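Chemist: Provided below for reference: sequence and predicted model.
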Amino acid sequence: MKINKDFKMKTIEIAPKNQKITEKMRYGLLVSLLMLSLGFIGCGPTAPEQQQIDPEIPRLEDGQLSLNSFLRQMQLQVKAYDNDIQSLIVNCSISSGDTLLLLTLNDDGLNGDHIPGDHVFGASTAWFFSDTTETILEITFHATDADLNEAEALRIESIIRANLPPQILSISSPDTIIRPEPGLYDTVIVVAELYDPNGPEDIVYVGYEVQSIDNPQEWRSSPAWYLHDTGIGADSIAADQRYSAGLEIASTNRLARNIFRYQAKDRAGNFSLFVYDTIVIYQNLPPEILSFKLEQESIPKQVDNITPLRIFMEAKDDNGPDDITGFHFYIKSPAGEFSSIADFSIFNDGTSGDAHADDDIYTVNLRLPEDADFGQFFIYGEIQDRRHNISRSDTLGFTLVNITPFYSNISYNSTVSRPQSAMRDTIFISVSDENGLADIAAVTYREKSPSDAEFSSERSVLQLSAGEYYIPLVWDSSSTAGTWFYRIWVRDRSNELAMRTISIQVNP
């Protein structure tokens with residue numbers, strides 16, 4: 001091996017005078033260590049690469065639909081991304097059944113977009129569907145850039161639940177109003193209590209109409225005839241679902257029965273059912289009794305029972321028939337004492353003896369007590385209105401009388417052939433009494449055969465049932481041939497007597 005003679009072994013000592021050399025060496029060492037470390041790192045494991053998104057392809061996210069029931073508008077929006085967002089065209093299609101709506105969205109802060117340049121494209125449009133029934137909306141968002149790159153379509157679905165109609169639960173108002181004097185006014189508060197299944201904010205308005213007094217088929221309305229729930233004016237508490245209005249009554253209002261009908265409407269266009277209410281406007285005038293008549297002036301008194309008495313009274317009240325609130329009747333007995341009659345009923349509906357309904361002629365059925373005496377009575381009536389005005393009728397006289405009982409029927413065999421052996425026969429007797437069957441005290445008879453010169457003593461007739469009596473007879477071979485006479489008496493409790501004589505011919 002050849003050795004270079006110029007090569008010499010040297011030992012380098014580090015001394016202060018060689019400080020610069022030492023620093024260079026130290027710097028080189030640090031660089032070497034750094035490079036070595038990087039080499040180790042480069043030889044280690046590598047992190048996975050993230051999914052690459054092509055910035056040239058538009059992208060859509062978070063499509064939304066919201067409904068403004070107050071304005072009845074649809075609000076649509078979607079987030080859109082692209083490397084050239086300014087040239088992006090975003091639109092959507094909305095379909096429901098056979099209806100299709102195409103809508104362009106923008107990011108300019110206009111026509112339903114809230115904030116310009118926030119990558120949220122929006123638009124608003126009116127509802128094209130009815131929300132009174134359940135509706136399914138299918139919405140598809142699209143986006144296309146200037147290079148005709150299309151985003152993947154974004155589809156959403158929205159179910160619009162049916163909007164239910166509001167309900168008027170009650171109407172509070174006075175039944176009657178006194179018409180003010182000329183030049184004066186009065187205000188009446190009416191309150192309608194409402195409920196809406198979709199919430200109180202769904203109610204658009206509550207209003208009323210008034211039926212024409214002259215034409216019941218006509219209903220008058222006005223844009224001003226609304227009730228409010230604002231807590232202002234006639235309404236006492238806001239947002240309590242009690243809608244109120246003040247009705248102004250003037251001296252020019254007609255005295256009549258005013259019929260109102262109330263209805264509510266919600267934002268879906270649903271109407272509530274009509275609710276009717278009546279207010280009578282009247283003047284402080286007393287009622288009048290135009291006529292007062294008895295059905296009959298001579299009345300059979302019912303024995304052991306009440307005695308009916310019927311009166312026809314024509315009464316008028318200019319404030320309407322509903323203004324009459326009370327009927328009273330007073331009677332004077334044969335003993336000269338007046339007293340009120342509590343047992344009576346009144347009809348003006350064409351029943352219970354009343355001739356015609358709603359004709360202002362009242363049929364009054366009174367009932368006199370069982371202990372009423374026979375004789376002359378006097379009676380008058382009074383009517384009263386809501387303001388306690390009283391009108392009195394004429395005084396009429398009638399008599400409780402006792403009517404003689406009478407035979408309504410006698411059935412018998414007027415001719416009999418004398419038999420060889422005993423044969424039964426019967427005389428049937430029917431009697432009536434206008435004072436009632438309880439007034440009949442006794443039914444008796446006397447018999448006179450062809451061989452007798454005088455009638456027999458009085459005998460009792462057998463009773464079959466109420467008002468029905470019979471006399472049993474027996475004919476045989478020993479019965480005297482000829483004419484037999486039977487004299488029959490009916491007596492009532494006042495000893496009024498009805499008598500009838502019949503004859504039966506007995507042939508040999």
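Modeler: All right, it came through fine. On a predicted model such as this, the values are computed, not experimentally measured, just so you know.

Chemist: Can you show me the strands along the stretch 351-500 of the chain?
Modeler: For the stretch 351-500 of the chain, the strands defined by DSSP state E, counting those that start in this stretch cover 361-368, 375-385, 390-392, 396-401, 406-411, 415-417, 423-432, 440-448, 459-460, 462-465, 468-475, 482-492, 497-507.

Chemist: And those strands: which comes nearest Glu297?
Modeler: strand 396-401 (4.8 Å; CB to CB). Heads up, the C-betas are built off the backbone N, CA and C, glycines and all.

Chemist: That closest one pairs with which strands, parallel or anti?
Modeler: In the sheet, strand 396-401 lines up against strand 298-300 (parallel), strand 375-385 (antiparallel) (DSSP bridges).

Chemist: Break the chain down into its domains, please.
Modeler: 59-160, 167-282, 288-401, 406-507 (automatic domain parsing).

Chemist: Tell me, please, where in the stretch 251-400 of the chain the pLDDT is lower than the cut-off.
Modeler: Along the stretch 251-400 of the chain, no part satisfies pLDDT under 70.

Chemist: pretty sure Thr132 contacts Phe271?
Modeler: No - applying CB atoms under 8 Å as the test, Thr132 and Phe271 come out as separate, 10.4 Å apart.

Chemist: returning to what we had before: which stretch among the strands of the stretch 351-500 of the chain comes nearest Glu209?
Modeler: strand 375-385 (28.9 Å).

Chemist: May I see the buried residues of that closest one?
Modeler: For strand 375-385, burial by neighbour count (16 or more other CB atoms under 10 Å) applies to Phe377, Ile379, Tyr380, Gly381, Glu382, Ile383, Gln384, Asp385.

Chemist: wait, Asn507 sits on Ser479?
Modeler: No - in this structure Asn507 lies outside contact range of Ser479 using CB under 8 Å: 10.3 Å.

Chemist: what sits in contact with each of these two?
Modeler: Arg418 (CB atoms under 8 Å, 6 or more residues apart in numbering).

Chemist: between those two, who's got more neighbours?
Modeler: Ser479 (19 against 9; other CB atoms under 10 Å).

Chemist: Tell me the spacing between the more buried one and Lys448.
Modeler: Distance, Ser479 to Lys448, using CB to CB, to the nearest Å: 14 Å.

Chemist: Please apply the same query to Pro321.
Modeler: Taken as CB to CB, the span from Pro321 to Lys448 is 66 Å.

Chemist: how about the helices in the chain?
Modeler: Applying DSSP state H to the chain gives helices spanning 19-42.

Chemist: Tell me where it is predicted with low confidence.
Modeler: In the predicted model, the chain carries pLDDT under 70 at residues 1-53.

Chemist: The same query, at a cut-off of 50, please.
Modeler: Counting by pLDDT under 50, the chain contains low-confidence residues at 1-48, 50.

Chemist: Wait, Arg493 touches Gly436, no?
Modeler: No - between Arg493 and Gly436 there is no contact under CB under 8 Å: 10.1 Å.

Chemist: shared neighbours of those two, anything?
Modeler: Val303.

Chemist: who's in contact with Ser451?
Modeler: Residues counted as contacts of Ser451 (CB under 8 Å, 6+ apart) are Thr480, Gly482.

Chemist: Now do it against Ser478, distance only.
Modeler: Counting by CB to CB, the gap from Ser451 to Ser478 is 11 Å.

Chemist: With Phe128 instead?
Modeler: Counting by CB to CB, the gap from Phe128 to Ser478 is 114 Å.

Chemist: cool, Lys301 as well?
Modeler: From Lys301 across to Ser478, the span is 49 Å (CB to CB).

Chemist: Can you pick out the residue with more neighbours from those two?
Modeler: Lys301 (22 against 7).

Chemist: Hmm, Thr307 and the more buried one touching each other?
Modeler: Yes - shown here, Lys301 and Thr307 form a contact pair, counting by CB under 8 Å, at 5.2 Å.

Chemist: shared neighbours of these two, anything?
Modeler: Contact criterion CB under 8 Å, 6+ apart; residues shared by Lys301 and Thr307: Leu368, Ala372, Leu400.

Chemist: got CSV for those, with neighbour count too?
Modeler: Formatted as CSV, those follow (neighbours: other CB atoms under 10 Å):
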residue, neighbour count
Leu368, 21
Ala372, 18
Leu400, 21
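
Chemist: residue contacts, Val364?
Modeler: Val364 neighbours (CB under 8 Å, 6+ apart): Arg310, Ile311, Phe312, Met313, Phe327, Phe329, Phe344, Ser345, Ile346, Gly381.

Chemist: what about the fifth one, distance to Gln263?
Modeler: The one in question is Phe327. Taking CB to CB, one finds Phe327 at 38 Å from Gln263.

Chemist: nearest residue to the residue nearest to the spatial centre of the chain other than its sequence neighbours?
Modeler: Residue closest to the mean C-alpha point of the chain, counted by CA atoms, centre = their mean, is Val275 at 7.2 Å. In space, and not counting its chain neighbours, Val275 is closest to Ile168: 4.4 Å by CB to CB, 6 or more residues apart in numbering.
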